[in-house]
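*Asks:* Task: produce atomic coordinates for the following.
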Amino acid sequence: MKPLYTLFLVFWLTQGWAQEQRTIRIHFKSEEFGLDQEDRRILDALSKQLNTRNYYELSINGHTDHDASNAYNKALSGQRANMVKNYLIENGIPAERLRVNWQGETKPLVSNAREQGKQKNRRVDIVVTEYQLKSISDLVEQTTPASIQVYTVDSRKANIVTAQEGTRFKIPENAFCFEDGTLYTGIVELEVKEILSTLAAIQHNASTVSDGKPLESGGMFSFEARAEGKRLELRPGKNVDVEMPSSYLKSGMTLFTPVKNTNGVTEWKNTGQEFAIRPSSAVQLPTYRLDSKYLRSLMVIVDSNKEKHTEINWTYKFPKAPLPPAIGVKPKPYNPPVRRALFSRLENIFLPEWIKENRYQAELSRRNKLYQSKLDRYNRNVENYQRLIAKYKADSAAFEERELEKFRTWLAQKELEVEKRIKPYHAKNLNFALEYFATNSEKDGLTAPTPLALFKHLSNIKRRDSEWIHRLTVAYQSIQKLENKSLTQVMNKCKGQLSFILFTEPNREDFEWFENPLAMDLLDREPKLLTMFSNAEIEIRKKRIEAGFASNEDIEKVYGISIGKTGLYNCDKFSNIPPTQMAGFRMETKGSTQVYFKVPGINSLIYAYCNGAVAYCSLPKNMDITMIIMSIHPEMGPTFEKKTIKLSQNLNYSYQPKPILLAELKKELASL
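*Replies:* The predicted structure is shown next:
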C-alpha cells in the first residue's frame, strides 16, 4: 500500500526575483520501478501544470531502501528515476530541462529498520523549480549574484578599509556629510564593490566602452556611504585615497565616471584625472644569503624507483556476527468453532443432534490438544532461552574482542604501507626546499621575509605535487578515525554493510596541505638550521625597514587615485585602435538578449547594443575575442553560447539558440 503523503511541497521566495520550488515524491513497491495508475495521475497533473508555465527546471532523484547490495540498489534507483524522466518527456516536458540522478540506498528519508521506513525510502524525488525571468539581469542575478561588501567605520576617526580582493580605501577623519552639507559624526556603513574580472563586470552590468569606443580597463570600484538610512557624501577637501590591485598595469590610465546608455548598460565619461602606478618590477627588494654548502649537506637520498603511484587496497572483510537467539511468540488458545460451520447444509438438517454434538466435541478436543502442544514447545523454548542468551553474550564478546584486534592490526599494517609509499615523496620535497634556498643564495639572493615559513611551505606535500599522495593520505586518515571505536561503531560507519568497507576518493576541493615529517624532524635535529633561518629573518626585516618596505602592502602592484565623491569609478584609457581596424557586428535577436565581447588583448568588455530585434556594435579586427550570448527565448527559456571569434571584416552573425540549465549557466559564468 502506498503512503498517503505521496505529494510533499515546499515554497519560498528569494531576494530580487521570484522563485518557487516544490518537491513531489513518487513511491515504489519493493524491487519494482514501474509506474502505477496513481503515479501516472500525479505526473499527468504535473506535466499539465508545467506546460502552462514560463520557465522551470526539474531535478529527478531516484532512491531505494537498504535491502540487497549497493550495486543492485544503485541500478534500481536509476531505473526508477529514468522511468519518471521518460514519462514526463512523453507528456511534453522538454528533456533539456531535466536533470536525473540516482543515489541508491545512500540518502534515506527515515530509518530502514521497519517496513514502513523502507516503504518511504523507495521513492523518486522530483524537485520542481519555477523562475520568473524577465531580463538578462534576472538571469545573471539568479545564477551568479553580484558581490556587495559592507563595512562599518567610525567617521570621527581616520580609517583604512581593505576589501576582499585587495582594494584599499584610506578615509580621513570627519570625512562624511549628508547631501545638504551637514557634517555627520558617528558610525558609517560603507558599501564597496570591486569589479576586477569579466564576471564581475557582467554582474554589475558594466561595460568598458565610452562614446562607442573600446577602453583598456585596469578595473572598477564603487564606494558608497550611508548612515541613519540616508546617503552620505564626502566633505570638500576630505578626499579618499584608493589603491586598487590590477593584473593589467598600463601608464596613462585615467579616472572615468559612469553614464547609462539606452540599454541601461553602464558606459563611461573621462574625467582626465590620472591614476598613479607602482608596478612591482620597479621595486628593488633587499636580499640575504644562506650557507648553500651546509644546506646541500642536509639532503636525503631518494630512491626514485619507489616513486610509483601504486594504490593500496582499503577493503576489509568482516565475518558475520553471532545472531541472538529467538524465543518465539507465545501461542494463543483457539477460538471455539462455530457449530453450524462444521456441517454441510444437508447435515445440519438431517443429522441427529447427538451425532452433531459428538463431532463438535471431537473438534474442540483436537484444537485444545494442538494448542497445548504448541504451548509446551513454547515453554521449553523459554526454559532454554536463558542458557542460549548467556552463550550469545559470551560469543558476541569474544567476537568483538577477536575481530577488533584483527581490525586494529590491519590498520597498523595500512599505516606502514602508507608511510612506505609516501616517504620517497617527502624526501623529494625536502630536497627541493633545500636546493631552492641553496641555489638562490648562490645567485641573486633571497627576498622572502619569513624564510622558515617558506622552507616549510616548499617542503610540504602540495596538491600540485601529487594528487595520489593526497588521496592516499586522506583515505588513511578516514579509516584511522575508527581506531578507537568499538566494533559495532566501525560496522555502523559502513552503513550496515558488514561484509566490507570501501573508502572513496576524496574531492579535489577537500585536499589539505600536509606537513612533511622529514622536514619537521630535520628542524628538530638541526638547531643550526633554525638559527640560520631566524638570523636571516631578522636581517631581511631590518633591511626592508631601511628601504621603506615595512610590510608587503608597501610593495603591492596597485593603481592609486584620490576621489572627492562617492560613487562608481573606472580605471581606463582609450584604446589606440584606429577606426579602420574596427569591424561591425550584427545579430538578429528574439526575446531578451545580451551579447558580450571579452577582448583580452586590451582587457576590455564590450556590450552589443540591443533594440529588441537586433544586437550590434563595433569590435577590433584581427584579435581573439570571446563572444558570450545570453538570452531568454520565448519557447526555450534561457539559452547560452560562448565561442572565440576573430573578425577581419563586418560580421552578420546567425545565432542558433541552445537551451541551458541554470546550474550549467552558473558554471559557464563562473569560468569567466
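*Asks:* Would you tell me what the next helix or strand after the helix or strand containing Ala398 is?
*Replies:* Assigned by DSSP states H and E, Ala398 belongs to helix 353-442. Counting by DSSP H and E, the next helix or strand C-terminal to helix 353-442 is helix 451-459.
*Asks:* Output the contacting helices and strands for that next one.
*Replies:* Using 3 or more C-beta pairs under 8 Å, 6 or more residues apart in numbering; DSSP states H and E, the elements in contact with helix 451-459 are helix 353-442, helix 517-525, helix 527-547. Quick note: C-beta positions are derived from backbone N, CA and C, even for glycine.
*Asks:* Relative to Phe455, which of those is closest?
*Replies:* helix 353-442 (5.3 Å; C-beta to C-beta).
*Asks:* Please pick out the residue of the protein most distant from its centre.
*Replies:* The centre of the chain is farthest from one residue, Pro352, which by C-alpha atoms, centre = their mean lies 86.3 Å away.
*Asks:* gap between that residue and Val302?
*Replies:* Distance from Pro352 to Val302, counting by C-beta to C-beta, to the nearest Å: 108 Å.
*Asks:* Same question for Ala547.
*Replies:* From Ala547 over to Val302 the distance is 39 Å, taken as C-beta to C-beta.
*Asks:* of these two, who's got more company?
*Replies:* In terms of neighbours (other C-beta atoms under 10 Å), Val302 is the more surrounded of Ala547 and Val302; the figures are 17 against 14.
*Asks:* ok so the more buried one is a strand residue?
*Replies:* No: counting by DSSP: H, G, I helix; E, B strand; the rest coil, Val302 is not found in a strand; it is coil.
*Asks:* residues contacting the closest residue to it other than its chain neighbours?
*Replies:* With sequence-adjacent residues excluded and distances taken as C-beta to C-beta, 6 or more residues apart in numbering, Val302 is closest to Ala427, at 4.6 Å. For Ala427, the contacting residues are 300-302, 518, by C-beta atoms under 8 Å, 6 or more residues apart in numbering.
*Asks:* now swap in Gly219 and tell me
*Replies:* 194-196, 244-246, 248, 559, 570-571.
*Asks:* For the residue lying closest to it once chain neighbours are set aside, the count of nearby residues, please.
*Replies:* With sequence-adjacent residues excluded and distances taken as C-beta to C-beta, 6+ apart, Gly219 is closest to Leu196, at 4.5 Å. By other C-beta under 10 Å, the residues close to Leu196 number 23.
*Asks:* Repeat that for Ser147.
*Replies:* Neighbour count of Ser147, defined by other C-beta under 10 Å: 16.
*Asks:* measure it to Leu199 for me?
*Replies:* Counting by C-beta to C-beta, the gap from Ser147 to Leu199 is 10 Å.
*Asks:* Now name the helix or strand holding Pro286.
*Replies:* Pro286 belongs to no helix or strand, assigned by DSSP H and E.
*Asks:* I'd guessed it sits against Arg544; true?
*Replies:* Yes: using C-beta atoms under 8 Å, Pro286 is in contact with Arg544, at 5.9 Å.
*Asks:* residues shared between the contacts of the two?
*Replies:* What both Pro286 and Arg544 touch, as defined by C-beta under 8 Å, 6+ apart, is an empty set.
*Asks:* List the buried residues in whatever helix or strand Ile42 lives in.
*Replies:* Element membership of Ile42, judged by DSSP H and E, is helix 37-50. Neighbour-count burial for helix 37-50, counted by 16 or more other C-beta atoms under 10 Å, picks out 39, 42-43, 46-47, 50.
*Asks:* same question, stretch 364-382
*Replies:* Lys374.
*Asks:* Kindly report the same for stretch 390-399.
*Replies:* Under the neighbour-count criterion of 16+ other C-beta under 10 Å, stretch 390-399 has 396, 399 buried.
*Asks:* hang on, the earlier thing: could the helices and strands packed on helix 451-459 go into a markdown table alongside mean pLDDT and distance to Lys170?
*Replies:* Output for the helices and strands packed on helix 451-459, formatted as a markdown table (pLDDT from 0 to 100; distance: least, C-beta to C-beta, whole Å):
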| stretch | mean pLDDT | distance to Lys170 |
| --- | --- | --- |
| helix 353-442 | 83 | 35 |
| helix 517-525 | 88 | 40 |
| helix 527-547 | 87 | 21 |
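*Asks:* could you redo those as JSON lines and give each row distance to Thr162?
*Replies:* Listed next are those as JSON lines, based on distance: least, C-beta to C-beta, whole Å:
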{"stretch": "helix 353-442", "distance to Thr162": "30"}
{"stretch": "helix 517-525", "distance to Thr162": "33"}
{"stretch": "helix 527-547", "distance to Thr162": "20"}
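*Asks:* looking at those helices, which is closest to Ala448?
*Replies:* Going by C-beta to C-beta, the one of the helices and strands packed on helix 451-459 nearest Ala448 is helix 527-547, 7.5 Å.
*Asks:* Just the buried residues of the closest one, please?
*Replies:* 529, 532-533, 536-537, 540, 543-544.
*Asks:* Also stretch 95-105?
*Replies:* Here stretch 95-105 shows 97-98, 100, 102-105 as buried, counting by 16+ other C-beta under 10 Å.
*Asks:* what do you get for stretch 319-333?
*Replies:* If you call a residue buried by 16+ other C-beta under 10 Å, then stretch 319-333 has these buried ones: 322, 325.
*Asks:* Over to stretch 209-224?
*Replies:* For stretch 209-224, burial by neighbour count (16+ other C-beta under 10 Å) applies to 209-210, 213-224.
*Asks:* For stretch 245-262, the averaged confidence score.
*Replies:* Across stretch 245-262, the average pLDDT comes to 84.
*Asks:* Endpoint to endpoint, it covers what distance?
*Replies:* End-to-end distance of stretch 245-262 (C-alpha to C-alpha, to the nearest Å): 31 Å.
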